[in-house]
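[1] sharing a model prediction with you, sequence too.
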Amino acid sequence: MDVRLARPEDAPALSKLHVEAMATGTALSAAPGSYAATLERLHREAIDDSARIVLVSEQDAEVVAMAQLAPSRAAN
């Protein structure tokens, strides 16, 4: 398994993973009823956001996992 920075062309695969995670109740910060197209747009925006780091894990050239790192907005 390889881990790398996400690229804009990964957005459809990230959307698919997100939909699958929502179906099993394991997606964080997911809006119930979000559609794949909306999630794809949100993932593409996250990839393009210089304040975020989006990682993907590939197995046999297929994106099988993802992680996002973003600055905290907490006041502490």
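    Good, I have the coordinates. Numbers count the residues shown, from 1 in each chain.
[2] just checking, next helix/strand downstream of the helix-or-strand element of the chain with minimal mean pLDDT?
    Across the helices and strands of the chain, mean confidence by mean pLDDT, DSSP states H and E is lowest for helix 11-24: a mean of 88. Counting by DSSP states H and E, the next helix or strand C-terminal to helix 11-24 is helix 36-48.
[3] tell me what that following helix is packed against?
    For helix 36-48, the packing partners by 3 or more Cβ pairs under 8 Å, 6 or more residues apart in numbering; DSSP states H and E come out as helix 11-24, strand 53-59. From N, CA and C alone the C-beta is placed, and that goes for glycine too.
[4] export the last one as CSV, just CAs?
    As requested, C-alpha coordinates have been extracted for strand 53-59 and formatted as CSV (Å, rounded to 0.1, in the frame of the first residue of the first chain):
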residue,chain,number,x,y,z
ILE,A,53,-3.2,18.3,3.4
VAL,A,54,-5.2,15.5,1.7
LEU,A,55,-3.7,12.1,1.5
VAL,A,56,-4.7,9.0,-0.3
SER,A,57,-3.7,5.4,0.1
GLU,A,58,-3.5,3.3,-3.0
GLN,A,59,-3.4,-0.5,-3.4
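[5] strand partners of it, parallel vs antiparallel please.
    strand 2-5 (antiparallel), strand 62-69 (antiparallel) (DSSP bridges).
[6] where's residue 75 relative to residue 66, distance?
    Separation of residue 75 from residue 66 (Cβ to Cβ, to the nearest Å): 28 Å.
[7] who has more neighbours, these two?
    Taking neighbours as other Cβ atoms under 10 Å, residue 75 and residue 66 compare with residue 66 leading, 19 against 4.
[8] helix, strand, or coil at residue 75?
    coil (DSSP: H, G, I helix; E, B strand; the rest coil).
[9] what's the spacing between it and residue 64?
    Distance from residue 75 to residue 64, by Cβ to Cβ: 36 Å.
[10] on that earlier part again, for the helices and strands packed on helix 36-48, give me a markdown table that also has mean neighbour count and distance to residue 46.
    Shown next, in a markdown table, are the helices and strands packed on helix 36-48 (neighbours: other Cβ atoms under 10 Å; distance: least, Cβ to Cβ, whole Å):
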| stretch | mean neighbour count | distance to residue 46 |
| --- | --- | --- |
| helix 11-24 | 16 | 8 |
| strand 53-59 | 15 | 5 |
